[in-house]
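Enquirer: following is a predicted model, sequence given first.
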Amino acid sequence: MQGFDHQLVLASCRRRVSTSCRNYDGSVPPTSYAEVARRGDTFDTLVQAAGYDDSDHDFVSDLTRTIDLTRQHGYRRVVWVTLRENVSYDSTGHIGYGAVYERNNDALREIAATGLYPELIVADFAEYARHRPEWFAADGIHIRRLGAYAAADYLSRKMAFLDGRACPQPVAPGAAAQDPCPDPDVTGPIADVAALYPTTQAGPDSGLILVWEGASSWPAPPWWER
């Protein structure tokens, strides 16, 4: 992630509001709702990407409860990332299939379109990554290293667009970074992620599998440029 101060709060099996699922090692991560509550008024933007281990039954209430919580803590923006739909993944309890993600995404877009939550912004990664199977494992959900760089590049460009800043990277090596950065949901994926990033190399945090939390390196150079 580049171009803006941020904190990553990542965990396997995390759910939005209902109790998270249990990992293979017995751990149960806090929900994304609990993580927002724990941080209080520290941040002004939430990027919400949890949901692959959730059902669609409580999506609307999960979303509205989360936004109500961010309003209590003075957030000005909630960027909600859509879930990939063209997948074969089936999570524990048989609730994590593509049709569930599609219904969640449809509900998200419908809620955003009502205007009831002007701070709600849809980051349509599902459509952005729809035709990029090389970014993912065979189940369409678990991300490969190439896909990790692609997802981080996408969110970095999306945030630059929302802030009206220059893109943190050009679209190709040697090109000038676009200023202001266009919406990646409109432009679609960059042609060659591997040309911009060291996708064959492991980052310094690559050994941390289940849970990783940390602050950004920006405005310092990313690890591969130091």
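Expert: That came through, no problem.
Enquirer: quick one: the strands in the protein?
Expert: In the chain, the segments counted as strands under DSSP state E are 7-11, 45-48, 77-81, 120-123, 211-215.
Enquirer: so what strands line up beside the second one?
Expert: Right, the one you point to is strand 45-48. strand 77-81 (parallel) (DSSP bridges).
Enquirer: rewinding a little: relative to A34, which of the strands of the chain is closest?
Expert: Nearest of those to A34, taken as C-beta to C-beta: strand 7-11 at 10.4 Å. The C-beta positions use only the backbone N, C-alpha and C, and glycine is treated the same way.
Enquirer: just checking, what packs against the closest one?
Expert: Packed against strand 7-11, as judged by 3 or more C-beta pairs under 8 Å, 6 or more residues apart in numbering; DSSP states H and E, are the following elements: strand 211-215.
Enquirer: give me the contacts around the longest helix anywhere in the chain.
Expert: Ranked by residue count, the top helix of the chain under DSSP state H comes out as helix 145-163. Residues from elsewhere that reach helix 145-163, judged by C-beta atoms under 8 Å, 6 or more residues apart in numbering: 1-4, 45, 47, 77, 79, 81, 121, 123, 125, 128-129, 132, 134-136, 143, 166-169, 180-185, 189-190, 193-194, 196-197, 199-200, 202.
Enquirer: which one is the residue nearest the centre of the chain nearest to, not counting chain neighbours?
Expert: Centre of the chain computed as the mean C-alpha position; nearest residue by C-alpha atoms, centre = their mean is A49, 4.2 Å away. With C-beta to C-beta, 6 or more residues apart in numbering as the measure, V81 is the residue that lies nearest to A49, at 4.1 Å, once sequence neighbours are left out.
Enquirer: contacts only, for the one you found.
Expert: Applying C-beta under 8 Å, 6+ apart, the residues near V81 are 47-49, 123, 125, 155.
Enquirer: mind running it again at 6 Å?
Expert: When the contact criterion is C-beta atoms under 6 Å, 6 or more residues apart in numbering, the partners of V81 are 49, 123, 125.
Enquirer: I'd like the distance between it and P184.
Expert: As defined by C-beta to C-beta, to the nearest Å, V81 lies at a distance of 12 Å from P184.
Enquirer: circling back: the longest helix of the chain vs strand 77-81, what angle?
Expert: Here helix 145-163 points in a direction 150 degrees away from that of strand 77-81 (axes from the mean of the first three to the mean of the last three C-alpha atoms, to 10 degrees).
Enquirer: buried residues in helix 145-163?
Expert: By neighbour count with 16 or more other C-beta atoms under 10 Å, helix 145-163 contains the buried residues 145-162.
Enquirer: all the helices of this protein, residue numbers only.
Expert: 32-39, 59-72, 98-114, 125-128, 145-163, 184-187, 193-196.
Enquirer: now do the fifth one: distance to the chain's middle.
Expert: In this case it means helix 145-163. In terms of C-alpha atoms, centre = their mean, to the nearest Å, the gap separating the centre of helix 145-163 from the centre of its chain is 9 Å.
Enquirer: and for stretch 43-51?
Expert: Worked out by C-alpha atoms, centre = their mean, stretch 43-51 lies 8 Å from the chain centre.
Enquirer: stretch 14-33 now?
Expert: Centroid separation for stretch 14-33 versus its chain: 17 Å, with C-alpha atoms, centre = their mean.
Enquirer: pLDDT below threshold where in this protein?
Expert: Across the chain, the stretches falling below the confidence threshold (pLDDT under 70) are 90-96, 207-217.
Enquirer: would you mind measuring from the residue lying farthest from the centre of it to Y197?
Expert: Distance from the centre of the chain peaks at G174, with 27.4 Å (C-alpha atoms, centre = their mean). Computed with C-beta to C-beta, the distance linking G174 and Y197 is 15 Å.
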